[in-house]
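> Just need the structure, nothing else, for what follows:
(one chain, ligands or ions: 1)
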Amino acid sequence: MLVLNQVHKTFNIGTINEKPALRGVSLTLNDGDFVTVIGGNGAGKSTMLNAVAGVWPIDQGSISIDGIDVTGLPEYKRAKYLGRVFQDPMTGTAATMEIQENLALAARRGQKRGLKWGITKAEREKYHEILKELDLGLEERMSSKVGLLSGGQRQALTLLMAALQKPKVLLLDEHTAALDPKTAAKVLELSDKIIAENHLTAMMVTHNMRDAIAHGNRLIMMNEGQVALDISGDEKKSLTVEDLLMKFEQASGETFDDDKALLSK
Ligand SMILES: Nc1ncnc2c1ncn2[C@@H]1O[C@H](COP(=O)(O)OP(=O)(O)OP(=O)(O)O)[C@@H](O)[C@H]1O
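Below you'll find the predicted structure:
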């Protein structure tokens, strides 16, 4: 379970560039919740994910993961609870290392690295099995360097790696935005599968309203550093893009104009 309680974050306090990015965000994700997060540019979506990851300290409020108060923990100490996948396919994997070495690194995250750094036969078999499930043929290329893979293949591998240690919370920050539509759809499908099979609690930021509606069991819309809408259950299942625009306008008292939004329908 992830709990954000009245989280505030303002960047560049006291300067001409002062920017309140989170203005009292309270949100509880129950175990197994898969929440899609939408909102216009600058609404605070990435800032919320960064607050959970502990990229910098928050100004006010608290954050707990599975009952542990992580508010004061630096990023590297929270990392063991979290899996993250970013927009750029180049960031989540090490290009000059083999596919199997990347997986081994992810599997050993948080453990003390001993002198023995070889990959065992049992590990290799395990990686073969999980890569096979991706259905991208990567199980036959385990000793290939990751730099040779396409963006979509790398993002799929990053997802696998992020989920390998079954994190308490998986954070997906526009992780399909840099991929072509067909590959993006495949990586999204894979995300659904990995989240469901591992019963992960997840948050996925997207600019695509249709994706936000089609994936996850809950949808939140952010506006000006606050959660403006929180839709789940049957209401989420029957939601349309038109409903979403109408609800946003009701909740915020604003019209959802295109230049503000940069959201794709
Ligand atoms: N490290 C930072 N330093 C200064 N300002 C920041 C920083 N990170 C975010 N901001 C500002 O905080 C506000 C919220 O940004 P955030 O990136 O969370 O928005 P977002 O909803 O993810 O938008 P987008 O869809 O454009 O990525 C913006 O005005 C942004 O410029």
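> who touches stretch 12-19?
Contacts to stretch 12-19, defined as C-beta atoms under 8 Å, 6 or more residues apart in numbering, come from residues T10, F11, D59. All C-beta spots, glycine's among them, are computed from the backbone N, C-alpha and C.
> could you pick out which of those residues are near the ligand?
Checking the contacts of stretch 12-19 against the ligand by C-beta under 6 Å from any ligand atom, the ones in range are F11.
> ok, so of the contacts of stretch 12-19, who is nearest V169?
Relative to V169, the closest of the contacts of stretch 12-19 is D59; by C-beta to C-beta it sits at 21.4 Å.
> Name the nearest residue to the closest one, sequence neighbours excluded.
Leaving out its chain neighbours, the residue that sits closest to D59 by C-beta to C-beta, 6 or more residues apart in numbering is H8, at 4.8 Å.
> same for the host helix or strand of that neighbour, what does it pack against?
In this assignment (DSSP states H and E), H8 forms part of strand 2-11. The contact analysis (3 or more C-beta pairs under 8 Å, 6 or more residues apart in numbering; DSSP states H and E) places strand 2-11 against strand 19-29, helix 45-53, strand 60-65.
> same thing but at 10 Å, please
strand 19-29, helix 45-53, strand 60-65, strand 201-205 (3 or more C-beta pairs under 10 Å, 6 or more residues apart in numbering; DSSP states H and E).
> quick one: average confidence on it?
Strand 2-11 carries an average pLDDT of 98.
> List the buried residues for it?
L2, V3, L4, N5, V7, H8, K9, T10 (16 or more other C-beta atoms under 10 Å).
> Give the partner strands of it in its sheet and their orientations.
Strand 2-11 pairs in its sheet with strand 19-29 (antiparallel), strand 60-65 (antiparallel), by DSSP bridges.
> Tell me the gap between the shortest one and the middle of its chain.
In other words, strand 60-65. The chain centre lies 18 Å from the centre of strand 60-65; the measure is C-alpha atoms, centre = their mean, to the nearest Å.
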